[in-house]
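3D model of this:
(one chain, ligands or ions: 1)
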Amino acid sequence: MASIAQTTISPVKGSFNLSNYDCVRKSFDWEDASKELHFWESGKVNAAYETIDRHVVDGYGDKIALHYINENEKRSLTFSEVKEKTDHYGRILKQHGVKKGDRVFIFLPKTPECYISILAVIKIGAIAGPLFEAFMEDAVKDRINDCKGTVLITDKDLVQRVQRADIPSLETILFSEDIEATPVENDREEVVEWLGKEDGLIIHYTSGSTGKPKGVLHAHRSMIHHLQSGKWVLDIKDDDVYWCTSHPGWVTGSVYGLFAPWLNRATIVIQGGRFKAENWYQLMEDLKVTTWYSAPTAFRMLMSQGDLFKNYDLSSLRHILSVGEPLNPEVIHWAWNNLGLRIHDTWWMTETGGHLIVNLPAELIKPGSMGRPFPGITVGILDDEGNELPRGEVGQLAVRAPWPGLMKEIWGNKDKFDSYFKYEGWYSSGDLALQDEDGYVFFQGRSDDMINSAGERIGPFEVESKLIEHPAVAEAGVIGKPDALRGELVKAFITLRTGFQESEELLEEIRLFVRKNLSAHAAPREIEVMNELPKTKISGKILRRKLKEWEIQKVQ
Ligand code: 6R9
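Okay, here's the model as predicted:
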C-alpha cells in the first residue's frame, strides 16, 4: 500500500448545510434534489431560468447577483438586472435567427457580459460554447469548426483572433460592446425556450492525449448536480459572497463560477485582470468574500508571498476550496496555520459535469487525499480488466454511471464517448488512485500522457502538432515535467530539420510560435533539442513515457 498521510484536520466550528455525511450518504436520492427547482412542478426545463429568473419570481430581484471588479472598474448587478440583460441578449440572438440546439460561442474576457451571454444563449434553448480568453487563432477556429458554431459573441479586441474565412459555419459575429444598445423588435416576446432535461446546455472543449480537443456536451439535467453540490460542497448560504477564480471557458468557471452559485442564489464575484497576490487579497478584503474556490497553483503562488496576507483583513473568509490538480498537504497546513482555515479539495473532470469526490465542510480532512465520494456517487478502483481492487491498492479511478452531471456526448465522436465506459457500468476517469479504509481517495497520477500544468489539462498531441508546423522542427515529443509551482510544466523535446542550427533565438521563436497560434498555457516553457527521439520499434510512435522517465531522473 502506498504511504498516505495520517494526520487529519477536524472541521472548524460552525453551521454547515450538510453535517451528517454518513447518514445522508445512505439515504440521498438525486430525484429529491430536483424538487427545489421550478421544473419539478411545471415540467418546463431551462437552466438559465432556474439560475436567474426563478429568484426574481421568488422575490429576490433586488439581491446583488454579482460584483465585478477590474483594475479600473467596479460595478454590481442585481438578479433583476441580470434577468433583464439576459432577456435582452436573448432577444438579439433570436433576431439573428438563433434556434434551439444551435451552437453559439462566447469569446470574452471575464466580465459580467461573458456570464450574461452564456445564460442568454441557454435561455433561448441554444448551446453555449464559452472560450477561454487567452485562446489564440487556431484554438478558437478548431473549436468553432468542430461543432459548427453559427454565432459568436466577442469584443472588438478579441475578434482579431477570429479567422472568419476559415470558419465556414460562422454566420454572425456580435460585439458585446454593441448588444446593450441594439434595439429589439419585440420586447414583449417570451424569451425562455422550454426544453427537456436531455437537451444540450453547454459544450466545453478539453484536451485529449492523442487528438484534437474534444467537445464535451452537457445537458440541462446537470443543474441538479450543480444545485446540490453548490449547497453541500460550496456550502452556499444566503449572505455569502462567493468567488471562483476560474474563467467560464474552463468547466470550473462555468459550473462552479456561474451555475452552482447562482442556482443557490449566491452573490458572486467576477474579477478581471491577471493574477497578482496583492489584488487578490485586496479584493477579498474589499468585497468581504466568504467563500473562495481556486486551484493549488494559485495557493502556492500566494504561499510564496509569505506574510503578505497579514496586510489585509480577511476575516470574512470562512470556506476555501480547491480543484484541478493535486493539492499538496503543505499548502493545506499553510492555510490552516496562517489563515486559520482548511482548504477543501474537490475532484471532478470536464466530462463528469460536477463534483464527484469532495471534502464536505463538516468532515475530517486527510491532507493528501482528494476527499470522499459525494453522496449518491460510488467510486471504484479497478484493475486493467475492470475488476474492483481491495482498499489501499492503486488502480484506475472509476465511478458508477450515470449521475445527473455526467456528459451527454462527445460532439460527433461516439467512439470516444464509448471509450469512457469500457468497463460495464463504470465511467473511467483516466486517473490512477487508491481508496483507504475510511473511503478517502488519494490521487496517484494519470494513466495516459495528459499534462496538468497549473490545473489546466494540456494534450501533448496538440502541442506536438503545432510544434512541427514550425519550419525548423522535424519531430516533437511533449511531456509534463514535474514543477514545484505549477505541478507540471510543458516540456518539448524536438529534432531540427537539416539546415537549422540550435540557438536560443530559434528556441524562443519556436516557443512564441506555439504561444501565438495555440495558447499561452500550452506553449512549452522548456525546449530541448535532440538528435533523435525515442520511438516504439514496430509503429515508430514517439515514446513520451521514455522522455518523462529521463526528465524525472534528471530532477532526482
Ligand atoms: C474540474 C477539472 C480533470 C483532471 C482530472 C485530474 C485532475 C482535477 C483534481 C485533479 C488531483 C484534484 N484533477 N481535480 N488531480 N486532485 N483535486 O479540473 O476538470 O480540466 O477536465 O481536469 O484534472 O487528472 O482527471 P478538467
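
against the ligand, how distant is residue 89?
27 Å (Cβ to the nearest ligand atom, to the nearest Å). C-beta: built from backbone N, CA, C; applies to glycine.

kindly report the same for residue 27.
Distance from residue 27 to the ligand, by Cβ to the nearest ligand atom: 26 Å.

count the residues that sit near that residue.
Residues lying near residue 27 (other Cβ atoms under 10 Å) number 9.

dihedrals phi and psi, it?
phi -100, psi -10 (degrees, to the nearest 10).

residue 546 reaches residue 530, doesn't it?
No - assessed by Cβ atoms under 8 Å, residue 546 is found out of contact with residue 530, at 11.4 Å.

got the buried residues for stretch 542-551?
Buried residues in stretch 542-551, counted by 16 or more other Cβ atoms under 10 Å: 542, 544, 546, 547, 548, 551.

now stretch 282-292: buried residues?
Buried residues in stretch 282-292 (16+ other Cβ under 10 Å): 283, 284, 285, 287, 289, 290, 291, 292.

now do the same for the residue in the chain sticking out farthest from the centre: its pLDDT.
Distance from the C-alpha centroid of the chain, by Cα atoms, centre = their mean, peaks at residue 499 (42.5 Å). In this model, residue 499 is scored at 95, pLDDT.

and it, how close does it get to residue 191?
Separation of residue 499 from residue 191 (Cβ to Cβ, to the nearest Å) stands at 60 Å.

and for residue 453?
Distance from residue 453 to residue 191, by Cβ to Cβ: 40 Å.

quick one: low-confidence ranges for the chain?
1-6, 556 (pLDDT under 70).

buried stuff in the longest helix seen in it?
When the chain is parsed with DSSP state H, its longest helix is helix 79-95. Going by neighbour count (16+ other Cβ under 10 Å), the buried part of helix 79-95 is 79-94.

give me the number of residues near the residue in the chain that the ligand sits nearest to?
Here the chain gets closest to the ligand at one residue, residue 350, 3.4 Å apart by Cβ to the nearest ligand atom. Neighbourhood size, residue 350 [other Cβ under 10 Å]: 19.

what about it, distance to residue 324?
With Cβ to Cβ as the criterion, residue 350 and residue 324 are 11 Å apart.

mind listing what the closest residue to residue 344 other than its chain neighbours touches?
Spatially, and ignoring its direct neighbours in sequence, residue 344 is nearest to residue 359 (4.1 Å; Cβ to Cβ, 6 or more residues apart in numbering). If you count contacts by Cβ atoms under 8 Å, 6 or more residues apart in numbering, residue 359 has them with 342, 344, 345, 346, 365, 370, 371, 372.

which members of the residues you listed additionally contact the ligand?
Checked against the ligand using Cβ under 6 Å from any ligand atom, the contacts of residue 359 yield the following neighbours: 345, 346, 370.

who does the helix or strand hosting the second one pair up with?
The reference is to residue 346. Assigned by DSSP states H and E, residue 346 belongs to strand 343-347. Using DSSP bridges, strand 343-347 pairs in its sheet with strand 319-322 (parallel), strand 357-358 (antiparallel).

rewinding a little: downstream neighbour of the longest helix of the chain in the secondary structure list?
Following helix 79-95 in sequence, per DSSP H and E, is strand 103-107.

could you name the helices and strands sitting against that next one?
Strand 103-107 is packed against helix 112-123, strand 127-131, helix 137-146, strand 151-154, with contacts defined by 3 or more Cβ pairs under 8 Å, 6 or more residues apart in numbering; DSSP states H and E.

what about stretch 269-286, distance to the chain center?
19 Å (Cα atoms, centre = their mean, to the nearest Å).

so which bits of it are buried?
Buried-residue list, stretch 269-286, by 16+ other Cβ under 10 Å: 269, 270, 271, 272, 277, 280, 281, 283, 284, 285.

tell me the one among those residues nearest to residue 98.
residue 270 (24.3 Å; Cβ to Cβ).

what residues are up against that closest one?
Per Cβ under 8 Å, 6+ apart, neighbours of residue 270: 66, 67, 68, 69, 110, 111, 112, 115.

ok so it is a helix residue?
No - looking at residue 270 with DSSP: H, G, I helix; E, B strand; the rest coil, it is strand, so not inside a helix.

what's stretch 331-345 in contact with?
So stretch 331-345 is contacted by 9, 11-12, 233, 296, 299-300, 303, 309, 314, 317-323, 327, 358-361, 365, 367, 369-371 (Cβ under 8 Å, 6+ apart).

which among those residues end up buried?
9, 11, 233, 296, 299-300, 303, 309, 314, 317-323, 327, 358-361, 365, 367, 369-371.

could you tell me which of these belong to strands?
319, 320, 321, 322, 358 (DSSP state E).
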